[in-house]
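S.K.: need a structure here:
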Amino acid sequence: MRSLFLFLLLLNILYALWQLQSGGVRPDSLLAGEPAVSDSVSSPPQDVVSASPAEVASVSEAAPAALCIQLGVFDGRRQAEQLLQRLLALDVQAALVEDEVVGSTDYWLVMPVSGGSVDALARLSLLQEQGIDSFVITRGPLAGNISLGVFSRLDYAEARQAQLLADGNDVRVESVDKLRSQYLVQVQPAARRLVDQSLLGRLRADFPQLQHQYQACSPVAKSGNLP
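M.R.: Numbering: from 1, shown residues only. From the prediction side, this is the model:
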């Protein structure tokens with residue numbers, strides 16, 4: 001009986017050595033009692049899907065726009081240029097940007113003309129014979145019609161309109177926005193870290209009305225960097 005036990009033990013040892021020589025079993029798995037595994041590379045899970053180049057591009061396009069620091073706003077170009085020169089001297093990448101905003105609104109009394117320049121001149125002559133100040137509008141969306149006055153307040157325009165309507169003149173009130181330019185200095189994203197509270201404090205000593213805000217960078221500055 002003992003001989004049979006030793007024979008089976010020897011047979012198991014020989015079988016294990018054969019498995020080691022064939023590379024089918026890791027020695028550490030035998031020692032730890034782990035099941036034998038193959039050294040072949042397993043295939044990736046079926047639910048793992050790689051992104052295509054088009055999908056990667058779409059993700060990049062959806063990335064948020066870069067933010068710039070906008071300093072200003074200045075009514076005059078000269079102050080904005082001085083601030084820009086100050087920043088450039090400190091190696092802060094910046095650019096001058098000019099925007100047009102509505103400065104005020106005028107109210108025009110307009111007599112519509114549909115017969116072209118000949119009709120406009122004929123009506124203008126009649127109005128001037130009646131002592132009504134008027135002129136032919138030559139530019140803008142109201143060009144070709146006749147203006148019977150320009151007012152800075154709507155109530156004044158409406159009061160004059162009522163007088164002209166009572167005299168049989170067909171006039172309407174048109175609001176016309178007057179644009180003005182404003183200037184700001186835009187600090188590029190790469191230089192944002194340089195514009196800290198310490199620098200802003202020094203700049204406000206020379207530009208007391210200076211304000212700063214983070215906004216999407218303007219795609220093209222109307223005025224480029226100063227030399």
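S.K.: what's the first helix or strand after the lengthiest strand in the chain?
M.R.: Counting by DSSP state E, the longest strand found in the chain is strand 94-111. Using DSSP states H and E, the helix or strand that follows strand 94-111 in sequence is helix 116-129.
S.K.: for that following helix, buried residues please.
M.R.: Counting neighbours by 16 or more other CB atoms under 10 Å, one finds that the buried residues in helix 116-129 are 120, 123, 124, 127. C-beta coordinates here come from the backbone N, C-alpha and C atoms, glycine included.
S.K.: ok, and what's touching that helix?
M.R.: Residues external to helix 116-129 that are found in contact with it (CB atoms under 8 Å, 6 or more residues apart in numbering): 111, 113, 134, 135, 136, 144, 145, 146, 148, 169.
S.K.: got the angle for it vs strand 94-111?
M.R.: Taking axes from the mean of the first three to the mean of the last three CA atoms, to 10 degrees, one finds that helix 116-129 is oriented at 70 degrees with respect to strand 94-111.
S.K.: tell me which strands the helix or strand following helix 116-129 pairs with, and in which orientation.
M.R.: Going down the chain from helix 116-129, the next helix or strand is strand 135-136, by DSSP H and E. With DSSP bridges as the test, strand 135-136 is paired with strand 146-151 (antiparallel).
S.K.: put the alpha carbons of the strand it pairs with into CSV.
M.R.: What follows is strand 146-151, C-alpha atoms only, in CSV (Å, rounded to 0.1, in the frame of the first residue of the first chain):
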residue,chain,number,x,y,z
ILE,A,146,-38.0,114.1,-46.4
SER,A,147,-37.1,115.0,-42.8
LEU,A,148,-39.2,117.7,-41.1
GLY,A,149,-37.1,117.8,-38.0
VAL,A,150,-34.8,115.9,-35.6
PHE,A,151,-35.4,115.7,-31.9
